[in-house]
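**Student:** Sequence and predicted structure, then a few things I'm wondering about:
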Amino acid sequence: MDTRHVERRAFPRYFNPWPSIFEGNPQLILERRESISLVPMLIMQGALDDNVLPSIQEKFASAYRAAGGACELTVFEGSEHEWVAQPGPQTDRAREMVKAFIARQVKA
C-alpha cells in the first residue's frame, strides 16, 4: 500500500516518528528485499473496494510470490470494502475459503 499520500496526523500513535511508516510498510519491505519470514497468505479483495484498491493487493501478492512466499489472492466481483461484514453468497464463499486455507496450513 502506498502510504506517501496519507496525512501524517492519521497514524501518529503507531508511526512515531513519521518516517517509520515507510520502514514498516509490507510492500516496501518486499521491494527492499529484506530478509523476512514468508508465511502462507490468503488475501480476499473486493473488486469494488475504493479504500484498498484491487491493484494494490495484486501488486502485493505478486511481490510476495516473487520473494518466494505462497500467496493466494481472490478478487470478489461486485464487492466493496468490508464486504464480508454483510451476509450473502460472497461472504459464505469467503468463509469457506478461509476454513479451507486454515485446514491446508494445519495439515502442512
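**Tutor:** Received the coordinates, thanks. The model shown is predicted, which means the values in this text are computed figures rather than measured ones.
**Student:** I'd like to know how many residues surround residue 91.
**Tutor:** Close neighbours of residue 91, defined as other CB atoms under 10 Å, add up to 15. Glycine gets a C-beta too; all of them are placed from N, C-alpha and C.
**Student:** name the helices or strands packed onto the one helix or strand it maps to?
**Tutor:** Using DSSP states H and E, residue 91 falls within helix 89-107. When contacts are defined as 3 or more CB pairs under 8 Å, 6 or more residues apart in numbering; DSSP states H and E, helix 89-107 sits against strand 41-46, strand 71-76.
**Student:** Pull the distance from the last one to the chain's centre.
**Tutor:** Using CA atoms, centre = their mean, to the nearest Å, the mean C-alpha position of strand 71-76 is found 9 Å from that of the whole chain.
**Student:** that older thread, which of the helices and strands packed on helix 89-107 sits closest to residue 98?
**Tutor:** strand 41-46 (6.8 Å; CB to CB).
**Student:** The helix or strand following the closest one - what's its average pLDDT?
**Tutor:** Once the chain leaves strand 41-46, the next helix or strand it forms, by DSSP H and E, is helix 54-66. What helix 54-66 shows for mean pLDDT is 97.
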